[in-house]
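Colleague: Structure for the following, please:
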Amino acid sequence: MTVKLVVLYTQPTDRDAFDRHYLGTHVPLVQTIPGLQRFEAGQITSAIDGGEQTYYRVAELYFADQADLSAAFGSDEGKATAADYQQIAPPGSRMFVETLDD
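Modeller: Below you'll find the model as predicted:
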């Protein structure tokens, strides 16, 4: 069963600096993670429900199953990506694992 790691980044203090690091360093790290089937990332541009725009960016990392996701983040590449996340994620950023209905 396909699983997806969903990462929600809150609003950074300095958007330009965040984007430079995220796009120039973090995304290339993500793309080296073994077992990664697909990666999507984007910037949130509006909250259509009129609520507060809490999140700035979203990333979605797809894996074949939970075992592959666990192995991926146990790898050197996964550990490097997780460590970089800890460095750049604004306070309140969150990560969720979603099981997809195939």
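Colleague: quick one: secondary structure of Ala59?
Modeller: strand (DSSP: H, G, I helix; E, B strand; the rest coil).
Colleague: How many residues are close by it?
Modeller: 19 (other C-beta atoms under 10 Å). All C-beta atoms are positioned from the backbone trio N, CA, C, and that covers glycine.
Colleague: next one: Thr25
Modeller: So Thr25, with other C-beta under 10 Å, has 13 neighbours.
Colleague: Not including adjacent chain positions, what is the nearest residue to Leu69?
Modeller: Nearest residue to Leu69, sequence neighbours excluded (C-beta to C-beta, 6 or more residues apart in numbering): Phe63, at 4.2 Å.
Colleague: Return the distance of that neighbour relative to Ser46.
Modeller: 29 Å (C-beta to C-beta, to the nearest Å).
Colleague: Which of those two has more residues huddled nearby?
Modeller: Phe63 (23 against 7).
Colleague: Phi first, then psi, for the more buried one.
Modeller: Note on Phe63: its backbone torsions stand at phi -140, psi 160 [degrees, to the nearest 10].
Colleague: Let me see the contact set for it.
Modeller: Thr2, Val3, Lys4, Leu5, Gly35, Leu36, Gln37, Leu69, Ala72 (C-beta atoms under 8 Å, 6 or more residues apart in numbering).
Colleague: can you map out the helices along this protein?
Modeller: 15-21, 27-30, 66-74, 76-88 (DSSP state H).
Colleague: okay, those helices in TSV with mean neighbour count, distance to Gly51 and mean pLDDT next?
Modeller: Below are these laid out as TSV (neighbours: other C-beta atoms under 10 Å; distance: least, C-beta to C-beta, whole Å; pLDDT from 0 to 100):
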stretch	mean neighbour count	distance to Gly51	mean pLDDT
helix 15-21	13	20	97
helix 27-30	16	28	98
helix 66-74	15	30	97
helix 76-88	14	25	97
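Colleague: Quick one, which of those helices gets closest to Tyr56.
Modeller: helix 15-21 (7.2 Å; C-beta to C-beta).
Colleague: in stretch 3-19, what's buried?
Modeller: Of the residues in stretch 3-19, Val3, Lys4, Leu5, Val7, Leu8, Tyr9, Gln11, Pro12, Phe18 count as buried by neighbour count, 16 or more other C-beta atoms under 10 Å.
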